[in-house]
Structure formats: C-alpha cells, structure tokens
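# Have a look; sequence and predicted model below, questions after that.
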There are 4 protein chains.
Amino acid sequence: MPETVFHVDQSKSMRDQAVPGHNRWHPDIPPAAQVRPGSEFRIECKEWTDGQVRNDDSANDIRDMVLDYNHMLSGPVGVAGAEPGDLLVVDFLDIGPASNIEVAQGREAGQGWGYTGIFAKENGGGFLTEHFPDAGKAIWDFHGQQATSRHLPGVRITSNIHPGLAGCAPSEDLLAKWNRRERALIDTDPNRVPPLALPPLESGSLLGGLSGEARDRAAREGARTVPPRDHGGNVDIKNLSIGSRVYYPVYVPGANYSIGDLHFAQGDGEISFCGAVEMGGYIDVGVDLIKGGMDAYGVTMPIFEPGRQEPRYTEFLTFIGISVDEDGDQHYMNATIAYRRACLNAIEYLKKFGYSGEQAYIILNAAPIEGRVSSIVDIPNACCSLYLPTEIFDFDIRPSSAGAARASRGSLAQAN
Amino acid sequence: MPETVFHVDQSKSMRDQAVPGHNRWHPDIPPAAQVRPGSEFRIECKEWTDGQVRNDDSANDIRDMVLDYNHMLSGPVGVAGAEPGDLLVVDFLDIGPASNIEVAQGREAGQGWGYTGIFAKENGGGFLTEHFPDAGKAIWDFHGQQATSRHLPGVRITSNIHPGLAGCAPSEDLLAKWNRRERALIDTDPNRVPPLALPPLESGSLLGGLSGEARDRAAREGARTVPPRDHGGNVDIKNLSIGSRVYYPVYVPGANYSIGDLHFAQGDGEISFCGAVEMGGYIDVGVDLIKGGMDAYGVTMPIFEPGRQEPRYTEFLTFIGISVDEDGDQHYMNATIAYRRACLNAIEYLKKFGYSGEQAYIILNAAPIEGRVSSIVDIPNACCSLYLPTEIFDFDIRPSSAGAARASRGSLAQAN
Amino acid sequence: MPETVFHVDQSKSMRDQAVPGHNRWHPDIPPAAQVRPGSEFRIECKEWTDGQVRNDDSANDIRDMVLDYNHMLSGPVGVAGAEPGDLLVVDFLDIGPASNIEVAQGREAGQGWGYTGIFAKENGGGFLTEHFPDAGKAIWDFHGQQATSRHLPGVRITSNIHPGLAGCAPSEDLLAKWNRRERALIDTDPNRVPPLALPPLESGSLLGGLSGEARDRAAREGARTVPPRDHGGNVDIKNLSIGSRVYYPVYVPGANYSIGDLHFAQGDGEISFCGAVEMGGYIDVGVDLIKGGMDAYGVTMPIFEPGRQEPRYTEFLTFIGISVDEDGDQHYMNATIAYRRACLNAIEYLKKFGYSGEQAYIILNAAPIEGRVSSIVDIPNACCSLYLPTEIFDFDIRPSSAGAARASRGSLAQAN
Amino acid sequence: MPETVFHVDQSKSMRDQAVPGHNRWHPDIPPAAQVRPGSEFRIECKEWTDGQVRNDDSANDIRDMVLDYNHMLSGPVGVAGAEPGDLLVVDFLDIGPASNIEVAQGREAGQGWGYTGIFAKENGGGFLTEHFPDAGKAIWDFHGQQATSRHLPGVRITSNIHPGLAGCAPSEDLLAKWNRRERALIDTDPNRVPPLALPPLESGSLLGGLSGEARDRAAREGARTVPPRDHGGNVDIKNLSIGSRVYYPVYVPGANYSIGDLHFAQGDGEISFCGAVEMGGYIDVGVDLIKGGMDAYGVTMPIFEPGRQEPRYTEFLTFIGISVDEDGDQHYMNATIAYRRACLNAIEYLKKFGYSGEQAYIILNAAPIEGRVSSIVDIPNACCSLYLPTEIFDFDIRPSSAGAARASRGSLAQAN
C-alpha cells in the first residue's frame, strides 16, 4: 500500500481535517503535499457534498443540499519539477470506498454505501429537470464490487469505480479566461433557473492552506468545480476507472494536482447531475512527467488510456434519439437534444416494466450505460444512442410477443 | 443462403435495375417484394451514391457529387400481416460487400474496395466543414474483413460492417410532420451553406414502382433520405452490425421496409458526412412481428440489440472536448460542440505523427472509434469523448518522453 | 474479392475436380497453384468427408462413413521463394460457407447448412466413446453468422468460423519421423478399437497431381490427416478464425501449403471427433515469409495471433474435472481424464433440463465452449474446466432454488 | 464493509492466531465461525506458506520451504441450515491483498508485494521440473491492481485476483475415498521424486479448534490440501475472480466452508506449483443455499459463473503442443504432455528475447495466459494451446522479419 499523502477523516467535514482540501480552482492554493515523479501514493477523498446526504428513505437532504460547498477536493499535490507545458502522467492504480480504509464512526458518507440523487429544478436541476423537477434519491448498498438499491429492486450493477473530478490548477490567465467566458454566458440570461453557469462565489468556499487576504481574493476569483474545463476537472467519465493512465496539461509550477468526487459506478452522461453512485474513499495514483509534452503532442486538454478492468457487459438494449425536441420542433444537429430524447425513450420503455419515471432516470445514471454520438452529420438530425446493459436486471427486459413483465417495483426516496 | 428478394446488378444504376429501388421516403411507394414473418431473405444494395465514386487518386468525383440521387435504397419489402402499431423485428444475419456476390464487370463501386470522402463545404459539407472545406477521398482495399488505404499508410481497420440506413415507410401523417418541422427549420436561414435541412426535391428522385401522377406527387412530397428520423432511417450507427436485432415501428400496412447505405466500417459520428467506408453489397435479414408492440413497450423510435461480433479493441487513446467553441466562446451544455472539439483535439494529436488534418479527419470517420456523451449535466459544459483504438496503427501512438514518431504519411486523394 | 487459386465444384467429389486436392501428407505432392509472398487469394474447400453426409434425420451416413477418404484438403499452394527454415505467414482474411459462392445444385454438403456427428465406437469413436458408443447427428441451419439445429431445440450459436486443418508439407525426414513414432504406438496394442493411431493407407488415398509410381509410393508413405503434428495439421483450434495470423514452419522448397476441414463453429476439444459444425466453403488468405524465422524465433510448431472478431460471450457456467476416472481410480496429473470428467459433469447437468446425453455431447462440440487446463501441478490431480456460454440457450440454465427447467427437447438424428 | 468472521494478524503465524485455521481437510474440524444464508462477511487469509517467503533476492527460502505446513486455510465457516446434498452458493464479492487491511509490521508476507516460485525438483517440483530442477523466485510489487517484478523487467500484469483453494469439508466417507485412491496411486511407485501424491501427514498439521485425541486422529487422517478434489479444494482457477458465483456441494451439516491461498494474479495451469503471485489478504463473500441442489442439478463437483471484471486482453501470441514428448515418443491423446510441449514452445520463444528459461517459466505462471484443450480427439495427438497476452510486455514480442528484440533482461532470485 502506498503512502497516504492526503488524509481525510471520514467522520469530519473537509473543513475540519488536519490539512483541508478545497472546493474552488485557483492557482494560489498551495500544495497540501509534495511528491516526486515516479512515485506512487494514496489520496483520500470525502464524497463530493462533504457528507450532506444520509442513508435513509427521504430525499429531503437532496432537496435541501447546499451546493455552495461542492465539490470537496483533495489536494493540491505538488509534483517536483513540473512546469507549465509539461504533461503530468497519472496512473489510477486503485480506487476504493471509504469502508475499505476505516470502520464506521457514527454518521459517515461512503461507508459501504453510496447514493444517487435527482436534484430539484430549483436547486441544481439536471439533464431532464423539465420532466423530473422534484428531488429523489436512491441508496446503494455495496456488495464488494457490486451494488444494489432498496429503492430499485431488480437491479444489480457492477462497479466501474472512478474519480469524477481531477486536474491540475489553472494558471492565472487560464482562470481569468474561464471566468470571462462563463460570465458572458450567464449575462445572456442572468435569472434562469437553473442558472446557465455558476460564477465564483465566496459563500461556502474552501481554499486549502490559503488564509487572510490571499484567501479572500481566491474566494472571489476561484472557479467553481462543477463544469469540466480545459484542465479536465469535472469530466465525469466513467471509463477513467482503475488502470487508466491520464495525461494532464500542466499550467503552474509543480502542477498542483487535485482529485475528488469518487464514484462507485456511473453511466455515460451522469444525467441527473448527482447521477453517479457517490461515495467517499481513496485513490492510489502514480505520477510521472512528459517534459514539454503539451507542444510535443499538441495536447491542450487531458487525454487518457482506459484500463483493462471495466466490467464486461455484452448484451444491450439500445435506444436512439434525434434532435427533434419534445414539442416536435426540429433543431439543427443538436446532440444534446438527441441524447435527451434517447434517454427519454429508454425511460418510457422501463416504465412499462413497472418502474416510475424517476426510478428509470436514476437507473440510467448509475448503471454502466453507454451514451454514443452515433451520427452528427445527417442534416438536420443528430442521432445519439444509449446502450442499456440488459444483464443488470434480474428479469428479461428484451421485447417479445409476451409483452413487458410489469411488476411492482418499489419507489425512490422522496422529499416530503 | 437465403433467397434474394431484391436483386441489383452492380454494373448498372439503381434506375436501370429490373426492379428499381427508391431514394425518397413516401408511403405510396409499393412493395418491390413480399415476405412473411419468420422468413429469411437477402437484399442487395447499391452503394449510396449509385456509383458516382471511382477507385482513383482524384477527389473530383467527391467534389462534383450529385447529391440529389442519394441514398439509393433497396426495397420496400412488404411483410404480410404487419399493421401500424406493430414492431417489425429484423435480424441482421449477414452482410457483405458486392465483391462477394459477383465478379467485377468494368467500373463498379464496392467491388472489393470502398471509399471515405470529405464533401466540400459548397456541396454537402460535414461536421468539420469550417476546418476542412475542400473535397478529399480515401480508397480502402478490402482484405477479407480488414481494410487498408493507400491514402492512409500505417492504418489497418477491422470491419464492423453495417447498413447506415433502414426503416419502415412513414405514414402520410408522419411524412407530413417531417416535412413541416424541417421546413420550419430551413425557413430560419434559407440561404445557409450548407443548408440547414434538405426539403423534398423532384430532381433526381427515384420512386420505385410508382409511375405517372402518383410518382410525381411522391416526388414532390417524398422525404429526403439524409437525416435519421422517428422511423430510424439514416442513423449511421456502427453497432448495427452482423447479429443485431432491430425493432422498427410500423406505420403503414405491410411495414414496407427499405434498407441501404452499406458500410464496411465506420466510427461513431460519421463525421465527414461521407465518412464510413462506403460500399455496395448484400444483407441477409430475418423478419418477424410483435403485434401491437409500439404500445406494449412504449416504443416510438427503433430500438436494437447489438450483435456479438463487433471487432474487439481494448486499447484506446481518448480525447475529450467541452462546449467551448473554437473562438473561446462558452455554450450551454452543447454536446455537438463538445464532440467537435474532441474530434479536433484528436486531429491535432494525429498531425504530430505526420498525417495531414484531412487524413486524420478521415481516420476518425472510418476507424471504429467510439464517441461518447460523457457528461451532460455539469453546467455549462457538456463533455464528450472520443476513443481512438490504438491498435489500428502499425506504430505506437501513445504519448511518451520520446515524442511523437513523425513520418511522411502520404496524402488523401484531392480535387484539382 | 481475391483471385481463386484452388477451385472446387461443390457438387462433385474432390476426386473429380479439374485440379484435385489430397487427403494424405507427402512431400512429393506437387503444388496445385503458385503464389508470391505478399499476395492474397481464395482457396475453396470441400467439407472434410467429401460429401458423405446428408441433410436428413438419420445418422446412418455417420455410422457408415468411409473414413479412409478424410480429410479432403485443398492445395498444395506453392509460395515462391519459401525455403526450409522460413516461417510462412498466413493471414486468414475471410472464411465462408459454400452457400456464399454458388447456388445449390441438388445434394451438396455445406450448402447453407452443416452437421455435427458422433462417430460410432466401431468406426472412429470420439472422446466419450465409452459413454456414447452409437452414431448420432445434428444438422445445423445457417442464419447468416448464426446457426440453429432442429435436433437441438433451444440452442442458437454464433459462428467462430475457421479451418480445422492446415499446414505446410512435411519434408521426407519429418514424414518418416511421424510414421515411425506413430507405428511404435500402434504396435503397443495393434488390435485396439478404436485404434491408437492411423498408419498410412493406400485405400481411399488421393494425392493431387501425382501419378504412376510416384503416386503409389506416396500412397504407401503418406501420413493420414487426422492428428495435429509438428507442422500444425488437424489442430482443430476454434480461435483460428477470421483475422488470425498464423506462422507456419516451412519444410520443403515452396512451402506447399494445404488447407481444409472448414468449421462454421466449434468449441474447444471437438470432443466427438466429428464435433465441429462441418461445412464446405472458401477461405481467403494472404501470405508472406519470414526468412529464417524458425531459428530466429525458436519456432518448431506453428504459432498464431487470434483475430478480433470471435463472438463475444461473457456469461458462462463452468464445470470442472479432476484426474480421477469414472471408476474412481486416481491418475497422476492426467489432463485428458480431467477434461473428460469436466465434459461428463457438464453433460449430466444439461440432462436435467431434458436433453439426452448425446444431445448434450453434441452441444459441447459445436457451441463456443472454452476448455481450460486450469491447474496442472497440484499432485496428483490435474484440474480442467469447461466454460459453457449460457447465452446460447433460449432458457436460463443457471442453478436456482427453482430447479432445472426440464422440458421435452427433441432428439438427435440416430442410426437405425 | 462486511463483518470479519475470520480474522488473521498478518504478523503472526496461522498457528498463533486467536482462532487458528487449518491445513488439512477433515470433517471433525469444528466451525471457527457461524453465518446464516443470505449474509455477507469477510474472511482474512495468510498466504499459503504461512510466511515462509521473504521479499529479497535469494531463492533459499523457496528451496528450503517446509511443505508440510501448506496451505494455511481460513475457516471453517459453518452455514446455518446447510445439509449434505445442498449446494452452497458463494459469491466472491471482493478480494484484496493484506496491505489493504493493515500497515506493515516488520516482515510480513503479502504486504504490498507477492511472489512466484519455482520449487526444486527435490522439494515439490512442478510441471516442468525435469527442465528446471532448481529453485527460483520472483518478487512482484503491487501497483494497485497491477504488478511488476524487479526479477522480470519488461513485464507488467493486471490482477485477476482470486482464491486458489476453497471448499466444503468432506464427509467421513468422502475423505476415506480420497485417502484410498491416492494411497493406491502412491503404492505404484512409492519412492518417486517428486512423489505421486501426498498422503496424510501428522507433521506440520494444523487442525483449527480440534484438540486431544480428536486432533491426533484428524492429523493422521486429514487429507493434504494440495490437490483439487471432488469438493473443489485447490483448483487454482484464475477465473474464480471478483464477481464469481460458485456452487459447492455440501457433505456435512453446516457445510464447513474454508478458503485460502489467495493469488494476486495467475495464468491457467499454475505450472511451477508455486506459480501464482502468492499473497495474504482478505476475501468478502456472500453465501446462500440451494436445498437439495446436488440432485436437482446433477452436480457432484463445484460449478461456477465467472465475474465481469477479469482484465481484458485481446492480443495474444499462441503456442501449441501435441502429445509427442521431448524424446520424440508418441503418446495417445495425452493432454498433459501436449500442454507441457506448448509451455516449452512458449519458453523457447521468449528466450530469443533475452529471458532465461526460468524467467520465461515464471512469466507463464503469473501472467494471465490462457491454457486450452484445443483438440482431444484427433488420434493419437491431443493438441493444447497457450495464449500469451502480448500486451503484458513493454516491447513487441510478435514475429517479424526484423527478428526478436534481444536484450539483457535481468534474472530471477536464485538459491545459493
């Protein structure tokens, strides 16, 4: 087991750790640990909401979530010799839930269980928030590398464990560019619910080892962690699982690499925003450098090689969607709408078996579905497809002349 | 070998076949053949342009392509007992190039070779037409189930053979809906190049067994074959390969199922519009019916189960993109832009190895890449990813401290 | 489609072809065709018994099989420049059943169907001949790349099409070595039924272009085609499917490569001796040379790289066996007995679902099972395992508290 | 994390644990823990030699190994309600090395590293002991789910972590049958080195909670743990990895299930006897019962369904062997010899790249090779094949005209 360079006590808030992490991106946040190229080490992580979600049958916690705190990141880790223009090579050697590193002490997120949530439209929303505007939650119980949910009877998924969020600190210039372009977008419709983007926000900010004026400045400028950006960030790519090798652009001396938002499992898209099986835990990584790699390979965003241990599913039922919206209006090559329609088609299908729409929505988040950009040139319709692994169900979901095996299939945890 | 119910002589135009096919969707086109549920049969297909492309080293044919003729479809095939509301179950039993069914007779598309083209911006365009506005072409030589191209040295791909285009005839109502919504889109910018959508067009239309006034009316109303729509159509999904089972909605009595646009290979997205390895050939299918299946399963667009014989690649280099456009402007959850940026990132990378941008663009079309909607909720950035199988190259494309193995890598066929 | 260098008319015996093949291995058999390194070409093949098996519901043809004629090979193909000590590189580009190359003309083996047989103990036998001593037969109907059998209801298999038998001609010395060592074995129990090995046999021999005294001599000396030997030969390896690259030792100038015994599908072991789905057909190959490759790589038997298109199964039910025989006697590290016991365990299991032992035996031949040498060091028991893909059955074969889904499942074709 | 029902302190011998395990099979050994059907729990395990092997560069520890102690098993675990004739359903939920559960305390086997050994012919031997009679050792360093060895430069393997040994306690009758048949084998050549089988041996025996006369009797009768037998036992099947579900026959009330011999990785065959990457660690299992399942399914040995997370390799170089021994003598359908020849062929090949024969031998043990019974009916030659994943090497091992990339590749730890 490699040395732990960033430790968290899962029973405490990230704010109260001996060395706290951060929940904003800013170049001034100092490294919480230092490592050398060629080394391997462990980073421990709080689940992304810092423990706001309980293992119970109410979605009030999801409904009332304070989003300002998210995501709680571990790091930054400084890498000796890293300079802007390098590629930081990061191997994801192993990843596991918090339950594998310490015994439960009272209430603890990620302790042998995880959750998937639907955020209310008024508080975060999600990809299908117009269709499913209310908060909902499913609790997943971990059985080693599999998970089941009392809120989703009939479903068993195999883990594709991964961090949702990781990247090197932005340079001052890069951060300014992010803030500029996102502000410009917000300004086109500043009162939208949910908002078009999330500007810097002092409230709830956590900035690692910064203090005083430096801290306040970083709180005013620091980029929120929600979107993926040039440096990677919250890419939420399910294939970044154990065994992956990722090449990250370096923007500041020392790279200042941070990581968090561990997921026990997720499908492509993470469509409900809180759509993975969220958990706290640990990740073991190895690091190295390719000096001057950004130029040498023309790399401006992270690239990666997936690992060899993603779960093998070979039987899928596939749904497609095109860029005609729910009102029947035609859009030009809009893959977002096409994928939304594919998701909705899958949900309508699953409802025939007795699941509620909200349950089906959650299944598409947590199960290892594949979401594909199938064709993007056949004007005016983009075509996206959604591959649902049939083997996650303990009944046969394929169409037949016998009709759908409708049954009572429980319900999600809901807000009251 | 099953009986051939739709025959084409590859040396002749689709117009000149004993029983011609069609290149518009219209409910009045009568069946060219009749089959019963439970039967298996062969359909032969012209490649989609009806033979406009030559096996040579000039892209003039791509530049001068008459798009009005495309796509040449085989059928319709009437299925006894099929009624609106049913699901037509179609098994793709086998698919092969024209070379497997007849010996070459002079110039013949699909005769042991295929092609991938970049359409000029003025004539069709493609996903990256702003970046690569000129016509280009690569010829692929088939080696059994593999293909290489003299225009793309260093690349060998394994076939994921499939039809790009298939579906049941629309009802009169469905057709009217298509025409209405696409016209509304065109009207928002009627002079755009390339156009926003393709309205019905009498010029170049072929309407199977229709004649006289009925033919003229269908020519005026018939939907163009380019986009995927509710019935499936030109979905260009690479996984619809041998062994797939597809469930198509039925809209007219007899279903009137047509198929065409065979591809020897393709990646997700078919990003250059003529992006698959295009060929003529045959497809063996089995058909059956699920009576009333649309309602029973809540199905309004085709769904399918992929087959077991897609080529197995396990090593990928993955590129990501977010919905910030090439000018640096931020867009809200735009998966189309995110996927475009992922494609462009991959192209920049491949250029470091000596390929031209156009060559790299073609590689991303024909190779079995996977295009994923990775996250679609992390406002404001959609994140898409592109998985490039490293094993298609005869050199190592992974990053290392040694730098990219730059070499002279030939060039595409170009227009003069 | 590559040029056909060895043609067979499937309606005629191999003896009556314009250029006949051969069914013995001998260095003097002259090439039937000449090719150059770097070329690609087609070879057509009769099924291995030269058409002795009919598509009917009697196993009399299996019972009365004249084994002296088998296996009918196509070739030899001479490769320009090949010399002893080289490695002949052969790419299996494509393989297909006879039905894909010509229309049925009366009775014809391999015409859209294949068969799997159990040889009677008195005539060939098989791996489990003590348990299943009588002749039996299953006819398989091809549905593109899948097959079903009216003699095995409930089973559908996906093709892993391959040649069972291929290799370069032995040198005179190598042939003498084969004959010497096999004769020595026979002499230990010359009257055994079935025999321990098959010595050269003039009766039924076919020797390609040889005639006169040379032919008679080759008939007296030529090695039978049944066993795999140093040159490869009848290896019956299911993974030598489309896309494989094989490196064969060369023993005579020109290599003189022959091939035959095409299988639509097979599991590991081919346990009933006629255990694959046997068919006539074609194989497209590409050839090249590695000069002096035998020494350079220490290769004395063929090696190969499997292709990418084997069918993907991921759910298996696995049976094991150890080297304790059916009488309870302990044997030392005997993998043959261990694998036999694994096969018998699988057969007992399938019988609980209503299949006869003979049907189960056939299923283990034709289905893409995997047979593994799991442990071979834990004295005194070897342990072998048999992976049966559950997805070939249209019912659930996994154990549960509900018990086995017993049903009437038809019967094999039997001899009368 | 499930409750730990069998705990081991990795710094102590199995003999000195609070509740010791056992290293003989006997029905009288009382359960060390009790569980109920439907429960999930953790079992901790010592590595199989109880800590006799050091992380150093000498193979003296392998040479001097006291084999009488092996294998140290954890358990038995009694399952409430289990009766003879039932099937015990065991899900392998998760498995990990000791390093994941406790920090190293001085010398400790399995602490973030494992080993693979070649036993000397005089002390245990192995599959190729006539070829490699001397002791040797490779130490593997774990990097999360991958491992490298300083004794095998150029190789990196991905874990297929699994228990080598597990099963329910035999009944008195079954134990007597084992002892009888193995004694009969030994009596055929009682002085052989290595021996034909291992009879009961009081020396070194550990019998869990037994004491006094009962202990002494069990020590005299208890079956050694080396061979796989009817109940499973030391099957050493690499595919029994995370996610597997195993169905074990129950012979005594309560089932009395024991497990041990954890392997970080292994290929088929475990050919050097100590051939896996051996380690201590933990396994999380879930248990259930199928009452009367042995009869209901005709099951007399364990059967299993593999999990979904075995590492995905798709490129292999395959070696074959036939049942002609190293002296050129022909054997009848001997799969053991055929597999040995395939192993030797692979070793000769790897030697061309600079590995010693002993190194190559170790690679074939620890790497996820597949060993197949390819054909077992083509008299007189069995044909076995060995699939070596090419992607474990950091250089290209495929044949080419360039010849083998010979380099200095270090050496194993050896005995002095």
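Great, that's in hand.
# wait, what's in contact with residue A:210?
Listed by C-beta atoms under 8 Å, 6 or more residues apart in numbering or on different chains, the contact partners of residue A:210 are A:26, A:28-30, A:218. Any C-beta I mention is one placed from the backbone N, CA and C, and that applies to glycine too.
# Show me which residues of chain A are close to chain C?
Residues of chain A that fall close to chain C, judged by C-beta under 8 Å from any C-beta of the partner chain: A:312-315, A:391.
# so which of these are also by chain D?
A:312-313.
# Of the residues of chain A next to chain C, which belong to strands?
Using DSSP state E, no member of the residues of chain A next to chain C falls in strands.
# ok, so of the residues of chain A next to chain C, who is nearest residue B:181?
Using C-beta to C-beta, residue A:315 comes nearest to residue B:181 of these, at 34.7 Å.
# Which pLDDT value does the model give the closest residue to that closest one other than its chain neighbours?
Closest residue in space to residue A:315, ignoring its immediate chain neighbours: residue A:390 at 4.7 Å, by C-beta to C-beta, 6 or more residues apart in numbering or on different chains. Looking at residue A:390, its pLDDT reads 97.
# gap between residue A:390 and chain D?
Noted for residue A:390: a distance of 13 Å to chain D, by C-beta to the nearest C-beta, to the nearest Å.
# How much space separates that residue from residue C:399?
20 Å (C-beta to C-beta, to the nearest Å).
# quick one: which of those two has more around it?
Neighbour totals were compared for residue A:390 and residue C:399, and residue C:399 leads with 22 against 16 (other C-beta atoms under 10 Å in any protein chain shown).
# Check whether the more buried one really touches residue D:249, as I assumed.
No - counting by C-beta atoms under 8 Å, residue C:399 stays clear of residue D:249, with 11.7 Å between them.
# Show me whatever sits in contact with both of the two.
Each of D:87, D:299 lies in contact with both residue C:399 and residue D:249 under the rule C-beta under 8 Å, 6+ apart.
# For stretch A:378-390, what is the distance to the chain centroid?
22 Å (C-alpha atoms, centre = their mean, to the nearest Å).
# In three-state terms, label the spatially closest residue to residue A:246 that is not a sequence neighbour for me.
With C-beta to C-beta, 6+ apart as the criterion, residue A:246 has its nearest non-adjacent residue at 4.2 Å, and that residue is residue A:304. Secondary structure, DSSP: H, G, I helix; E, B strand; the rest coil: residue A:304 is strand.
# So what pairs up with residue A:304 in the strands?
Under DSSP bridges, the beta-bridge partners of residue A:304 are residue A:246, residue B:318.
# which residues sit in contact with it?
Residues near residue A:304 by C-beta under 8 Å, 6+ apart: A:240, A:244-247, B:317-318.
# Run through the neighbouring helices and strands of the lowest-mean-pLDDT helix or strand in chain A.
Sorting the helices and strands of chain A by mean pLDDT, DSSP states H and E puts strand A:273-278 at the bottom, at a mean of 93. Of the remaining helices and strands, those touching strand A:273-278 by 3 or more C-beta pairs under 8 Å, 6 or more residues apart in numbering or on different chains; DSSP states H and E are strand A:113-118, strand A:257-265, helix A:357-366.
# Just list what the longest one packs against, helices and strands only.
Spelled out, that is helix A:357-366. Packed next to helix A:357-366, using 3+ C-beta pairs under 8 Å, 6+ apart, are strand A:113-118, strand A:136-143, strand A:273-278, helix A:335-351.
# List the neighbouring strands of the third one plus their orientation.
What it means is strand A:273-278. Short version: by DSSP bridges, strand A:273-278 pairs with strand A:113-118 (antiparallel), strand A:257-265 (antiparallel).
# Can I get those strands in a markdown table including mean pLDDT and mean neighbour count?
Below are the strands paired with strand A:273-278 laid out as a markdown table (pLDDT from 0 to 100; neighbours: other C-beta atoms under 10 Å in any protein chain shown):
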| stretch | mean pLDDT | mean neighbour count |
| --- | --- | --- |
| strand A:113-118 | 96 | 29 |
| strand A:257-265 | 97 | 28 |
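# Take those strands and lay them out in a markdown table including distance to residue A:284.
Formatted as a markdown table, those follow (distance: least, C-beta to C-beta, whole Å):
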| stretch | distance to residue A:284 |
| --- | --- |
| strand A:113-118 | 19 |
| strand A:257-265 | 11 |
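# Nearest to residue A:382 among those would be which one?
strand A:113-118 (25.4 Å).
# Sketch out the low-pLDDT regions of the stretch 1-150 of chain A for me.
Counting by pLDDT under 70, the stretch 1-150 of chain A shows low-confidence ranges at A:100-111.
# on that earlier part again, by how many degrees do the least confident helix or strand of chain A and strand A:136-143 diverge?
Orientation of strand A:273-278 against strand A:136-143 (axes from the mean of the first three to the mean of the last three C-alpha atoms, to 10 degrees) gives an angle of 20 degrees.
# what comes up buried for stretch A:39-52?
In terms of neighbour count (16 or more other C-beta atoms under 10 Å in any protein chain shown), stretch A:39-52 has its buried residues at A:39-52.
# mind saving the C-alpha coords of that stretch as PDB?
Below are the C-alpha coordinates for stretch A:39-52, written out as PDB (Å, rounded to 0.1, in the frame of the first residue of the first chain):
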ATOM      1  CA  SER A  39       6.300   8.000  -7.000                       C
ATOM      2  CA  GLU A  40       3.100   6.200  -6.100                       C
ATOM      3  CA  PHE A  41       0.800   7.400  -3.300                       C
ATOM      4  CA  ARG A  42      -2.700   7.400  -1.800                       C
ATOM      5  CA  ILE A  43      -5.100  10.300  -1.700                       C
ATOM      6  CA  GLU A  44      -8.200  10.000   0.500                       C
ATOM      7  CA  CYS A  45     -11.400  11.800  -0.500                       C
ATOM      8  CA  LYS A  46     -14.600  12.900   1.000                       C
ATOM      9  CA  GLU A  47     -17.700  12.300  -1.100                       C
ATOM     10  CA  TRP A  48     -18.400  15.400  -3.100                       C
ATOM     11  CA  THR A  49     -21.100  17.000  -0.800                       C
ATOM     12  CA  ASP A  50     -18.900  16.700   2.300                       C
ATOM     13  CA  GLY A  51     -21.400  14.400   3.900                       C
ATOM     14  CA  GLN A  52     -24.700  16.200   3.400                       C
END
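# what about it and chain B, touching?
No - using C-beta under 8 Å from any C-beta, stretch A:39-52 never reaches chain B; the gap is at least 11.6 Å.
# That stretch: how far from the chain's middle?
The answer for stretch A:39-52 is 13 Å, by C-alpha atoms, centre = their mean.
# right, and residue A:270 touches residue B:375 too?
Yes - using C-beta under 8 Å, residue A:270 is in contact with residue B:375, at 5.1 Å.
# downstream neighbour of the helix or strand that contains residue A:284 in the secondary structure list?
If you go by DSSP states H and E, residue A:284 is part of strand A:281-290. Counting by DSSP H and E, the next helix or strand C-terminal to strand A:281-290 is helix A:293-297.
# can you list contacts of that following helix?
Counting by C-beta under 8 Å, 6+ apart, A:85-87, A:247, A:249-250, A:290, A:299-300, A:303, B:349, B:352, B:399, B:403-404 sit against helix A:293-297.
# Looking at the residues you listed, which is nearest residue B:129?
residue B:349 (20.6 Å).
# Chain D contacts on chain A?
Selection of chain A residues close to chain D by C-beta under 8 Å from any C-beta yields A:1-2, A:40, A:91-94, A:96, A:99-100, A:103, A:111-112, A:143-146, A:158, A:242-243, A:284, A:286, A:307-313.
# Buried only: go through these for me.
A:1-2, A:40, A:91-94, A:96, A:99-100, A:111-112, A:143-146, A:158, A:242-243, A:284, A:286, A:307-313.
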